[in-house]
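In: I'll drop the sequence and a predicted model, then ask my questions.
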Amino acid sequence: MSTELALRVDQETEDEATSQVIKLQPATTVRFIEGEGGCSMLEVETSESSGFIRGLSRALLGESVQIVKAEVKRVSGGVIDRFTIAENDGSPIRAAKRLALQVAVLGAVDLASNLS
């Protein structure tokens, strides 16, 4: 299976939000949404649903983050998963770690699509 990986990173001043979006073609988007209370929300929108949530959870745990809250919403043609996550010590996810998390999640999506 051939996949194309596109990465867009927008970095603004220190006082403004940093936005990172990674897309796995044809239909997966992984992004961080900043929340209150020091936790980050990782949103994954994909057409893959078979075995996906298990692999995604393992990918996050494999990157040594804790899942504080998870929301799964089925939509026409796929799912939108939102994970409120934090470092294992409860601190916010460091900016340097976000890319590794996004890549790990995309790997889980790719693996799930190859197994289905």
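Out: Received, thanks. Numbers count the residues shown, from 1 in each chain.
In: residue 91 and residue 39: what is the separation?
Out: Taken as Cβ to Cβ, to the nearest Å, the spacing of residue 91 relative to residue 39 amounts to 9 Å. C-betas here are computed from N, CA, C, even on glycine.
In: tell me which helix or strand in this structure has the weakest average pLDDT.
Out: Within the chain, no helix or strand scores below strand 5-10, which has a mean of 40 by mean pLDDT, DSSP states H and E.
In: all helices of this protein, in order?
Out: Applying DSSP state H to the chain gives helices spanning 52-62, 95-115.
In: could those helices go into a markdown table alongside distance to residue 75, mean pLDDT and mean neighbour count?
Out: Shown next, in a markdown table, are the helices of the chain (distance: least, Cβ to Cβ, whole Å; pLDDT from 0 to 100; neighbours: other Cβ atoms under 10 Å):
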| stretch | distance to residue 75 | mean pLDDT | mean neighbour count |
| --- | --- | --- | --- |
| helix 52-62 | 13 | 85 | 18 |
| helix 95-115 | 16 | 83 | 17 |
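In: ok so, going back, ok, residue 91 and residue 39, which is more surrounded?
Out: Set residue 91 next to residue 39 and count neighbours by other Cβ atoms under 10 Å: residue 39 wins out with 20 against 10.
In: residue contacts, that one?
Out: By Cβ atoms under 8 Å, 6 or more residues apart in numbering, the residues touching residue 39 are 68, 84, 85, 86, 92.
In: any idea how far the third one lies from residue 101?
Out: Using Cβ to Cβ, residue 85 is found at 8 Å from residue 101.
In: need the overlap of contacts for those two.
Out: Common neighbours of residue 85 and residue 101 (criterion: Cβ under 8 Å, 6+ apart): 42, 60, 65, 93.
In: so the last one touches residue 99, yeah?
Out: This points to residue 93. No: using Cβ atoms under 8 Å, residue 93 makes no contact with residue 99, being 10.8 Å away.
In: least confident of the contacts of residue 39?
Out: The lowest pLDDT within the contacts of residue 39 belongs to residue 92, with 87.
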